[in-house]
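# show me the folded form of this:
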Amino acid sequence: MTADIHFSPLALTRALPFLPLAQGDIDYQVDRRGEPDLINTLLADPATKVVLTRGGLVAVPRGQGDLVDYENVKMRLATLPGAYVGEELRRYPEAVAMFLGSYGGVRGECVIAVDISRVPEIGEGAVPGAQPNGVLGVQDAGTVDGTMGLANANGNAAGKRAGKSGGAAESAAPFGVPDSAGQGADDAFDESVSTPASHAAPKPTLLQQAVTRFDWVDLRGFAPHANAREAGQATSAVTLSIWHSRQRFCPTCGAPVLPALAGWAQRCSNQADGNRILFPRVEPAVITAVVDGQDRLLLQHNAAWKDPNLYSVSAGFVEAGENLEHACRREAREETGIQLGEVRYLGSQPWPFPASLMMAFKAHAITTDVHVDGSETVTARWVTRDEYTAELIAGRMVAPGRATIARYMIEEWLGREL
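This is a model prediction of the structure:
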């Protein structure tokens, strides 16, 4: 039937004031990316901050991985000294360094992220420079709401601490500066120093120790607890690292690729094909809060979501040659049978699971009869603000996670925080 329009439901719509993955204020300093030996130059500067990624996760100080499910707690990124990291990058060419940018000012702090997904773990028996068998955690469900690594489909990071999920071992080997004899002062109380050198296990390197010394958390678990700057740093670092981990060969000729432009690009190693420069792939997706003439919100449950009570708004990828507004209307019609009229832009944020850019809209429904497709969307229903609040309290509905743009779209309609 045709919607009963009492007023324009989009009349009071405003842009989303806050999005957790869109907080970055760093100066990318794009003009510096082509500088020769930029990474090593910056690592030698004490003002440079070095953060780590691995398998789509970010490193945080040990113990903070347990905080992701708590409200009102703070988390920060773990850091390493740049001078030591420079040595490690020469040891492990498979590690990827990425210059995230600078904040300028008196300190002139620069930030470098290093992805260690392909650095051999302690006990693997691999030698520095060798390629391990696979890359940890770089997987997705193939949808806009696809899961990444150890996170669940509802956007809450279930396995935010890799050491607790069958990943890295829980041993906390201390950092150490190697010495030529392998018997420094801190080895004096270790009986193994008397073991012949030919039988002694090699001392773990700095990047190998980082796997177990730090906790590793999903971006969706980290960003809601981080300050704005570190949330932005983590978002850029994870986005680039996942791309480097997934694209290891040129999509045109199949030759191996090498990091280029300070980690923001790749260069094909095929000289005969011109050593082409490759840039990160971005997959645009629209997400739409649909309201009717009575200002009810349309909420739906996706078949791919593991939590049967998770309800969110309409979302889908933009087709080739399609504009964003058309994508909003098409997705709503395909998933729920609802026809949309006016569409207004709300905001955007990256969603690197693995490479989406989520663009949010609010749209007015000109029909209200719901007919779900039954394959992608299992159920959908209109709710008033009071009905939605009651469903949340009763546990019959669960709101999207705190890192998702969908949560803030629902809050914009609801008029309060969830």
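# just checking, what packs against the helix or strand Arg90 falls within?
With secondary structure defined by DSSP states H and E, Arg90 is part of helix 82-91. If you count contacts as 3 or more C-beta pairs under 8 Å, 6 or more residues apart in numbering; DSSP states H and E, helix 82-91 packs onto helix 38-43, strand 48-54, strand 110-115, helix 206-213. C-beta here means a position set from N, CA and C on the backbone, and glycine is covered the same way.
# again, only using 7 Å
Applying 3 or more C-beta pairs under 7 Å, 6 or more residues apart in numbering; DSSP states H and E, we find helix 82-91 packed against helix 38-43, strand 48-54, helix 206-213.
# Ala15: which of these is closest?
Proximity to Ala15 (C-beta to C-beta) singles out strand 48-54 among the helices and strands packed on helix 82-91, at 30.0 Å.
# let's see that closest one as PDB, backbone CA atoms only.
The C-alpha trace of strand 48-54 is given here as PDB (Å, rounded to 0.1, in the frame of the first residue of the first chain):
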ATOM      1  CA  THR A  48      58.700   8.600  15.200                       C
ATOM      2  CA  LYS A  49      56.000   6.300  16.600                       C
ATOM      3  CA  VAL A  50      55.900   2.700  15.400                       C
ATOM      4  CA  VAL A  51      52.700   0.600  15.700                       C
ATOM      5  CA  LEU A  52      52.100  -3.000  14.500                       C
ATOM      6  CA  THR A  53      49.500  -4.900  12.600                       C
ATOM      7  CA  ARG A  54      49.200  -8.700  12.100                       C
END
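# what is it packed up against?
strand 57-60, helix 82-91, strand 110-115, helix 228-246.
# tell me the secondary structure at Val286.
Per DSSP: H, G, I helix; E, B strand; the rest coil, the secondary structure class of Val286 is strand.
# now do Pro350
Three-state secondary structure (criterion: three-state DSSP) places Pro350 in strand.
# what pLDDT does it get?
Predicted confidence (pLDDT) at Pro350: the value is 96.
# go on, Tyr103?
At Tyr103, the predicted lDDT confidence score is 91.
# measure it to Ile242 for me?
24 Å (C-beta to C-beta, to the nearest Å).
# hmm, Pro224 and Ala403 touching each other?
Yes. In this structure, Ala403 is within contact of Pro224 by C-beta atoms under 7 Å, at 5.6 Å.
# ok, back up a step: quick check: buried residues in the helix holding Arg90?
Of the residues in helix 82-91, those with enough neighbours to count as buried (16 or more other C-beta atoms under 10 Å) are Gly82, Val85, Gly86, Glu88, Leu89.
# what does that helix contact?
Residues outside helix 82-91 that contact it (C-beta atoms under 7 Å, 6 or more residues apart in numbering): 40, 43-45, 48, 50, 95, 97, 114, 128, 205-207.
# which residues sit in contact with the nearest residue to Ile39 once chain neighbours are set aside?
Setting aside the residues directly before and after it, Ile39 is nearest to Ala97 in space (C-beta to C-beta, 6 or more residues apart in numbering), at 4.7 Å. Contacts of Ala97 were listed using C-beta under 7 Å, 6+ apart, and they are Ile39, Leu89, Ile112, Val114, Gly263.
# out of the residues you listed, who has the most neighbours?
Counting neighbours by other C-beta atoms under 10 Å, Val114 comes out on top of the contacts of Ala97 with 28 neighbours.
# ok, now how distant is that one from Phe222?
The span separating Val114 from Phe222 equals 17 Å under the rule C-beta to C-beta.
# could you do Glu283 as well?
Applying C-beta to C-beta, one obtains 22 Å for the distance of Glu283 from Phe222.
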